[in-house]
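> need coordinates for the following:
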Amino acid sequence: MTQQIRVGLFGTGRIGQVHAMSLATLEEATLAWVCDPFIEGAKQTAAEFGGRVSDDPQEVFASGEVDAVIVASPTATHVDLMEKSIDAGVPVLCEKPIDLEISRVDALRAKAAASDVPVALGFNKRFDRHFVELKRRVAADEIGALEQLIITSRDPGEPPAAYLPQSGGIFRDMTIHDLDMARYFIPDIVEVSARGANVFSDSIRTAGDFDSTVVTLRGSKDELVTILNSRHSAYGYDQRIEAFGSSGLLQVANKNDSLVRHWGARSVEGIGPYQNFFLERYAEAYRLEVAEFLRAVRGLPSRSPGFEDGRAALILADAAEKSARTGAAIRVDLSA
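Below you'll find the predicted structure:
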């Protein structure tokens, strides 16, 4: 495949717009189709980034004009669109989670495993260059055997109340990214413990969800992972990872937009707030995520997380939810 890869985009919400912008920066791809039941959204996206417009996924696949698709539509549509992609022989990059119900994921598992069609999951944090460097240096034995991993992820503000009922809860919506990052470093997780609290948000409490959580994972070699989540952060989007090993420590700190520091009578090393949201913090990672998926489309080796990674993250999220509700540690077998 030497010509531009023709990509179909399902979904034109916030994440769909991110993927459309990423495609616009990549010379090897072009946006060929934009599909959304909200046809005005599809028309607006196509007007800005190109492509034909439809509100019917079947029209996109039947056109013969897509070499790959990106699924950025609501979670409830993911399994059906992934299955249509596999049946059509069209590589697919699907946003997380595959579904909110593991039974629906498992119903597609055999078909995904038996197919030669590349299936990638949208865990964009794996493509952040700082986290990639951290992983490389851990793998290079720079800190010896990895013993503890601490992942901090706090959003600057809670999601809209209308979104909460369809989010699947904090573990499946937010923590799932961090659970995948945990497996990026320690693939074989065998136990999950979690605690959830409601400390600031009445709307989240009313929705039956938690606004603050702590998750502890145990690996098969007794490695420990701690994940700290909150739905608010007064100082911006809080994204950090610390890896502690037998001979040292590696850390990725937060990012801000300026290297300028201020020293004065009341404070030293004062800096501006951290970047405000995931769109700023992970813009490059989203672009690299799509670029890596396009390697798979061309039949080249690719680091894209696949269907089994998406399934494993959901199993861990379900276990965290169960642990937080019951207070029990939950054993898991991700290979079953």
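> what about Leu134, which helix or strand?
helix 129-139 (DSSP states H and E).
> buried stuff in that helix?
For helix 129-139, burial by neighbour count (16 or more other CB atoms under 10 Å) applies to 131-132, 134-135, 138. Where you see a C-beta, it was placed from the backbone N, CA and C, and this is true even at glycine.
> let me have those residues in CSV, extended by pLDDT and distance to His177.
Output for the buried residues of helix 129-139, formatted as CSV (pLDDT from 0 to 100; distance: CB to CB, whole Å):
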residue, pLDDT, distance to His177
Phe131, 96, 11
Val132, 97, 15
Leu134, 98, 16
Lys135, 98, 15
Val138, 98, 19
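> out of these, which comes closest to Arg52?
Val132 (35.2 Å; CB to CB).
> report the contact partners of the closest residue to that closest one other than its chain neighbours.
Nearest residue to Val132, sequence neighbours excluded (CB to CB, 6 or more residues apart in numbering): Arg126, at 7.5 Å. Counting by CB atoms under 8 Å, 6 or more residues apart in numbering, Arg126 touches 132, 180-181, 184, 285, 289, 303, 305.
> list the contacts for Ile315?
Contacts of Ile315 (CB under 8 Å, 6+ apart): 102, 332, 334.
> contact partners for the residue most central in space within the chain?
Nearest to the mean C-alpha position of the chain, by CA atoms, centre = their mean, lies Phe123 at 3.1 Å. The contact partners of Phe123, by CB under 8 Å, 6+ apart, come to 96, 177, 180-181, 289, 305, 309-310, 313.
> 7 Å - rerun?
Counting by CB atoms under 7 Å, 6 or more residues apart in numbering, Phe123 touches 96, 177, 180, 305, 309.
> please apply the same query to Pro97.
75, 168, 172, 176, 310, 313-314.
> neighbour count, pLDDT and secondary structure for those residues - can I get that in CSV?
What follows is these, written out as CSV (neighbours: other CB atoms under 10 Å; pLDDT from 0 to 100; DSSP: H, G, I helix; E, B strand; the rest coil):
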residue, neighbour count, pLDDT, secondary structure
Thr75, 20, 96, helix
Gly168, 21, 96, coil
Arg172, 23, 98, helix
Ile176, 23, 98, helix
Gly310, 27, 98, helix
Ala313, 27, 98, helix
Leu314, 26, 98, helix
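> got JSON lines for those, with distance to Val66 too?
Listed next are the contacts of Pro97 as JSON lines, based on distance: CB to CB, whole Å:
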{"residue": "Thr75", "distance to Val66": "22"}
{"residue": "Gly168", "distance to Val66": "28"}
{"residue": "Arg172", "distance to Val66": "29"}
{"residue": "Ile176", "distance to Val66": "27"}
{"residue": "Gly310", "distance to Val66": "21"}
{"residue": "Ala313", "distance to Val66": "27"}
{"residue": "Leu314", "distance to Val66": "27"}
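> before we move on, back to that, and whichever helix or strand comes after the helix holding Leu134, how far from the chain's centre?
Proceeding N to C from helix 129-139, the next assigned helix or strand is strand 146-154, under DSSP H and E. Distance of strand 146-154 from the chain centroid (CA atoms, centre = their mean, to the nearest Å) equals 16 Å.
> identify each buried residue in strand 146-154, please.
Result for strand 146-154 [16+ other CB under 10 Å]: buried residues 146, 149, 151-154.
> in the stretch 101-250 of the chain, which spans are helices?
102-114, 129-139, 164-167, 170, 176-185, 202-206 (DSSP state H, counting those that start in this stretch).
> what does the fifth one contact?
Yep, that's helix 176-185 we're talking about. By CB under 7 Å, 6+ apart, helix 176-185 touches 96-97, 123, 125-126, 135, 138, 146, 149, 151, 153, 189, 217, 225, 227, 229, 243, 305, 309, 312-314, 316-317.
> how far out from the middle of the chain is stretch 92-111?
The answer for stretch 92-111 is 14 Å, by CA atoms, centre = their mean.
> spit out the contact partners of Ile189.
Contacts of Ile189 by CB under 7 Å, 6+ apart are 182-183, 217, 219, 316, 332, 334.
> swap the cut-off to 8 Å and go again
182-183, 217-220, 225, 312, 316, 332, 334.
> just the buried ones from these, in ChimeraX syntax?
Buried members of the contacts of Ile189, defined by 16+ other CB under 10 Å, are picked up in ChimeraX with:
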select :182,183,217,218,219,225,312,316,332,334
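> relative to Ala32, which of the contacts of Arg126 is nearest.
Once CB to CB is applied, the member of the contacts of Arg126 that ends up nearest Ala32 is Glu289, at 19.2 Å.
> so which bits of whichever strand or helix holds the closest one are buried?
Using DSSP H and E, Glu289 maps to helix 283-297. Within helix 283-297, the residues scored as buried using 16+ other CB under 10 Å are 283, 285-294, 296-297.
> can you check stretch 204-221 too?
Buried, per 16+ other CB under 10 Å, within stretch 204-221: 204, 207, 209-219.
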